[in-house]
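Student: 3D, please:
(one chain, ligands or ions: 1)
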Amino acid sequence: MQVSSAQYSDRAVFAWLVAGSQVLGVTAVVLTGVWMGHYHGGFAWDGTQQEFNLHPLCMVLGLVFLQGDAILVYRVFHNEPKKNVKMLHGMIHLLALIISIVGMVAVFDSHRAANYADMYSLHSWCGLITIVLFCLQWVMGLLFFLFPVASSWLRATYLPIHVFCGLVLLALSVGSSLLGITEKLFFSIMSSYSRFPPEGVLANVLGVLLVCFGVLLCYMITNEQYRRPRNPEEESLAVHFKTLTEGGSPTEP
Ligand code: HEM
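Tutor: Here you go, the predicted model:
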């Protein structure tokens, strides 16, 4: 297949955008680690504050960075066989799910050990909704696409819903993280926050990076020119579906 110079420059811009998103994502994960490691005593699994520290790290790594990258694989591996890309998409999501569950267990466990109340904050409500929906989306994706139990018509109908829900989930994850960051700052540096202490600035920068990561990903996913070209099988499914919805016969030319 001939690649036009316009397509070539689109791919070059896309490569820069992907690189930018990775720099933003990795920096966000590293900053979360530095925040919890340097300012809050590091990490452990013993029911203390150090166990809580795993919560932000796992959530930013799993539910924001890895979830974002799992969505991105369809755009990045443009010309790979769809089956392989689907597997990779499912596997990165599985990793994101496992890491997020570790992060959730860490926060509930450390709350229980310190005798703190559960689920009282807006952050915890939004966070729990996000993780429950994320699990649901993962199971639905598995059933519909990885081990397709549904008919091709149902799959074609569900696909745009799945893509839309994926972006909503990424937005919810970034939003929940911002609420969590603000809450943590209020617990730890409430009295000095307004005087721009280094911890406050670091956490604010982390929040801005997460927003930029989310926005950049949404741009790349929703931009038509970065979409994966349909293979002949998908093309015929689309024609079939269009004919059915427009009331014609699928066998018409
Ligand atoms: C999408 C990512 C996140 C999700 C789904 C999430 C979810 C949750 C949930 C469900 C709780 C309640 C635990 C309980 O009641 O025992 C919680 C607590 C907490 N989280 Fe997160 N969290 C996320 C990211 C973050 C981040 C990035 C921070 C930043 C430091 C953070 C800070 C906190 C704090 C301080 C608490 C304890 C106070 C509270 O219960 O609201 N979270 N989180």
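Student: let me know the secondary structure of Tyr45.
Tutor: One thing to correct before we go on: residue 45 is Trp, not Tyr. coil (DSSP: H, G, I helix; E, B strand; the rest coil).
Student: test my guess that it contacts Glu51.
Tutor: Yes. In this structure, Trp45 is within contact of Glu51 by CB atoms under 8 Å, at 5.6 Å. In this view, the C-beta of every residue, glycine as well, is placed from N, C-alpha and C.
Student: more crowded one of the two?
Tutor: Remark: of Trp45 and Glu51, Glu51 carries more neighbours, 20 against 13, as counted by other CB atoms under 10 Å.
Student: how about the secondary structure of the more buried one?
Tutor: Glu51 ends up helix, using three-state DSSP.
Student: wait, what's in contact with it?
Tutor: Neighbouring residues of Glu51 by CB atoms under 8 Å, 6 or more residues apart in numbering: 43-45, 106, 109-110, 113.
Student: phi, psi for Ser192 please.
Tutor: Backbone torsions for Ser192, taken as degrees, to the nearest 10, come to phi -110, psi 0.
Student: actually Gly41, not the one I wrote
Tutor: With angles defined as degrees, to the nearest 10, Gly41 sits at phi 90, psi 10.
Student: name the single longest helix found in this structure.
Tutor: For the chain, the helix that runs over the most residues, judged by DSSP state H, is helix 152-189.
Student: name the helices or strands packed onto it?
Tutor: For helix 152-189, the elements it packs on are helix 54-58, helix 67-76, helix 122-141, helix 198-222, helix 232-245, judged by 3 or more CB pairs under 8 Å, 6 or more residues apart in numbering; DSSP states H and E.
Student: out of the ones you listed, nearest to the ligand?
Tutor: helix 122-141 (2.4 Å; CB to the nearest ligand atom).
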